[in-house]
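Visitor: Using only what follows, build the 3D model:
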Amino acid sequence: MIFVNKRDYRNGQTCARLMALLRKEPQLQEERDESARYSIAVGNTIGELARALFPGGVLVPFSDDKFERTRELIEEQTPVIYEAAFQGGQAVAILDVLVRQPDGTYHAYEAKSAKSAKDSYYYELAIQGVVAAENGVRISGYFIIHVNGDSLYDGSSYTTDLLSITEVTPHIVNELDVTSVNLALMHNVMNADKVPDADLKFVCKGCHLIEHCHGVLPDDHQLFLPGMTTKEFETVRGGGTIVFSDNPTKVKDFQRVNFSHALKQQGCVTAEGKQTLADASFPQVFLDFEVFAARLPIFAGTKPYDQLQFQFSAHIREHAGAELQHVEYLPEHDQDPRAEFGARLHQIIKDAGTIFTYSHYEGTQLRNMLKNEFEFADLNVAKLEQCEIDLYKVVKRHTYHPKYRGSFSIKSVLPAWVPELSYKELAIQDGITAAIQYGRLIQLLGTPEGDQLRADMLAYCRLDTLAMVKVYDALLAFEPKA
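Guide: As a prediction, this is how the structure comes out:
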């Protein structure tokens, strides 16, 4: 028999077929990436700190007899239990900290690495409450232990000062009945002879099993219509149509007109978009940042989730037809890099005629540095505001290509216009991984592994700005088919 766990429940809220497939065919699970591994590592540290808030408890080992061991500790009226495990009729649950109260009830504490007690965590505590009750354990208080975003790290070791506790009892009590019903329904689905049939819904667009369930959808499928919403997709599925204006006023309208033209011409770049790019003055600087918002601080004087600007890449074109120059920054020391980052960046952009970015991310980061009063931050912000062209906005409003498949990220746009250039051969292929690897790089400085990691990080950021240059050139050179 398959018992529902919290991951199953989360998947089941999205798609019953997804929930059942991932348990019955575990080879379909997404490979654990660097982000997942980082989350697990941080979660383990937060879990250990959470136990320190309630010292003297007994840890239930994660073993085959974990349910029996928990039962024994409950019968012995153990004051504090770590990782208490319960199995009910439909589900299993493990509680980070369970604290016995004078009246014989318990308080349940769930430890999270977020800065607040998000309502998206409520279902986990509700599952715990339902399953514990089936085992004769009444939980009278529910709490989320989370990171205290105002705690200042002293650079030595993490302490319980890093944590805050928020009570969420009323919210969980309100969730118990519906959670019990959902667990029963999900348990039935999980233990049925066959998984639910594939039913294409809007949520499938972001699922890693979309091809497994529905095959390769054509580039012109309505699922990839820019700005598509759940409601609109259901309208189309029901046989209805979506009408959009040939005289657009909203960005979504522009995108859909471009979508129609692109399907006929294998690409679309509006005259206005080309003119915006053609008017960009020189020197042109194509700029990209990497930033690490460390959930657990890594430098003295910083707080959880502080934005650490640690790397940039800049491709520079001095004049039309000039050979590209490349400048990059990634610190080779284990100190806070932000002051040095700002100073190096200023030297690169101070004489720029146009600074190309891809989204508002770089502007947000520079304003964050200004808020923290780093030297050159005011000059860098002023320069960016004076001459920035957000290539993402140009792409989103003035272009379309069937190969975008509804996405305007650089990872989707690059292969559409410049198929010979790809991220696929890189060891690091996304910004989240690059950011997390910075934490590792600090620990590996001066080692062969650290040297390789540094090279991989530089290669990724370098391709980000080269991709912007190549997309810019391709859009400027585009001519529609007659």
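
Visitor: mind listing what D306 touches?
Guide: A293, A294, P297 (CB atoms under 8 Å, 6 or more residues apart in numbering). In short, each C-beta sits where N, CA and C put it, glycine included.

Visitor: shouldn't the second one be in contact with I442?
Guide: Just to be clear, that refers to A294. No - shown here, A294 and I442 do not form a contact pair, counting by CB atoms under 8 Å, at 10.3 Å.

Visitor: what sits against L163?
Guide: Residues in contact with L163 (CB under 8 Å, 6+ apart) are I46, L49, A50, L53, I145, H146, V147, N148.

Visitor: I432 too?
Guide: E34, S35.

Visitor: in the host helix or strand of it, what's buried?
Guide: Using DSSP states H and E, I432 maps to helix 431-444. Residues of helix 431-444 classed as buried: G431, T433, A434, A435, I436, Q437, Y438, G439, L441, I442 (neighbour count, 16 or more other CB atoms under 10 Å).

Visitor: Can you tell me which of these is nearest V80?
Guide: Nearest to V80 among the buried residues of helix 431-444, counting by CB to CB, is G439 at 31.6 Å.

Visitor: ok, how many other residues are close to M468?
Guide: 23 (other CB atoms under 10 Å).

Visitor: That one is in contact with V285, isn't it?
Guide: No - using CB under 8 Å, M468 is not in contact with V285; the gap is 10.2 Å.

Visitor: So for the two, which residues contact both of them?
Guide: H315, F356.

Visitor: measure N380 to R338 for me?
Guide: Separation of N380 from R338 (CB to CB, to the nearest Å): 12 Å.

Visitor: who's more crowded, these two?
Guide: Counted by other CB under 10 Å, N380 and R338 do not tie: N380 has more neighbours, with 27 against 24.

Visitor: Quick one: residues contacting the more buried one.
Guide: G342, L345, H346, I349, L366, M369, L370.

Visitor: what's the first one in contact with, if anything?
Guide: For G342, the contacting residues are Q309, M369, F374, E375, F376, A377, N380, by CB under 8 Å, 6+ apart.

Visitor: how much space between the closest residue to it other than its chain neighbours and G129?
Guide: Sequence neighbours aside, F376 is the residue nearest to G342 in space, at 4.4 Å (criterion: CB to CB, 6 or more residues apart in numbering). According to CB to CB, F376 and G129 sit 53 Å apart.

Visitor: Looking at the two, which is more packed in?
Guide: Using other CB under 10 Å, the more surrounded residue of F376 and G129 is G129, with 26 against 21.

Visitor: Run a quick check on Y142 versus A108, I expect a contact.
Guide: Yes - counting by CB under 8 Å, A108 is a contact partner of Y142 at 5.4 Å.

Visitor: still on that earlier bit, between N380 and R338, what contacts are shared?
Guide: Shared contacts of N380 and R338 (CB under 8 Å, 6+ apart): M369.

Visitor: Select the helix or strand of the chain having the lowest average pLDDT value.
Guide: Using mean pLDDT, DSSP states H and E, helix 251-265 stands out as the lowest-scoring helix or strand of the chain, at a mean of 71.

Visitor: mind checking how far it is from the chain centre?
Guide: The chain centroid and the centroid of helix 251-265 are separated by 28 Å, computed with CA atoms, centre = their mean, to the nearest Å.

Visitor: Just give me the neighbour total for the closest residue to T270 other than its chain neighbours.
Guide: In space, and not counting its chain neighbours, T270 is closest to H398: 4.3 Å by CB to CB, 6+ apart. Residues within reach of H398, counting by other CB under 10 Å, total 21.

Visitor: List the buried residues of stretch 99-119.
Guide: Within stretch 99-119, the residues scored as buried using 16+ other CB under 10 Å are 99-100, 106-115, 117.

Visitor: Buried subset of the contacts of G342 as a PyMOL selection?
Guide: Burial among those is assessed by 16+ other CB under 10 Å; the matching PyMOL selection reads:
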select buried, resi 309+369+374+376+377+380
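
Visitor: And the furthest pair within the contacts of G342?
Guide: Using CB to CB for every pair in the contacts of G342, the one that comes out farthest apart is Q309 and E375, at 13.2 Å.

Visitor: so where is this protein shaky, pLDDT-wise?
Guide: For the chain, the stretches flagged by pLDDT under 70 are 239-252, 254, 263, 482.

Visitor: What residue in it is the furthest from its centre?
Guide: E76 (42.9 Å; CA atoms, centre = their mean).

Visitor: Tell me if I am right that H146 is in a helix.
Guide: No - with DSSP: H, G, I helix; E, B strand; the rest coil as the criterion, H146 is located in strand rather than a helix.

Visitor: Against which helices or strands is whichever strand or helix holds Q365 packed?
Guide: Q365 is located in helix 361-371, with elements delineated by DSSP H and E. Packed against helix 361-371, as judged by 3 or more CB pairs under 8 Å, 6 or more residues apart in numbering; DSSP states H and E, are the following elements: strand 284-293, strand 307-317, helix 338-349, helix 377-387.

Visitor: Please report the distance of the closest residue to H326 other than its chain neighbours from Y142.
Guide: Nearest non-adjacent residue to H326, counting by CB to CB, 6+ apart: H315, 5.4 Å away. Computed as CB to CB, the H315 to Y142 distance reads 52 Å.

Visitor: I figured S164 was touching I144, is that so?
Guide: No - counting by CB under 8 Å, S164 does not reach I144; the two are 9.0 Å apart.

Visitor: The two: who's more crowded?
Guide: Neighbours were counted for S164 and for I144 using other CB under 10 Å; I144 has more, 26 against 17.

Visitor: my guess is that one meets S113, correct?
Guide: No - using CB under 8 Å, I144 is not in contact with S113; the gap is 11.2 Å.

Visitor: Now T166: closest residue in space, sequence neighbours ignored.
Guide: Spatial nearest neighbour of T166, excluding adjacent residues (CB to CB, 6+ apart): A117 at 3.8 Å.

Visitor: cool, and D390?
Guide: T357 (5.5 Å).
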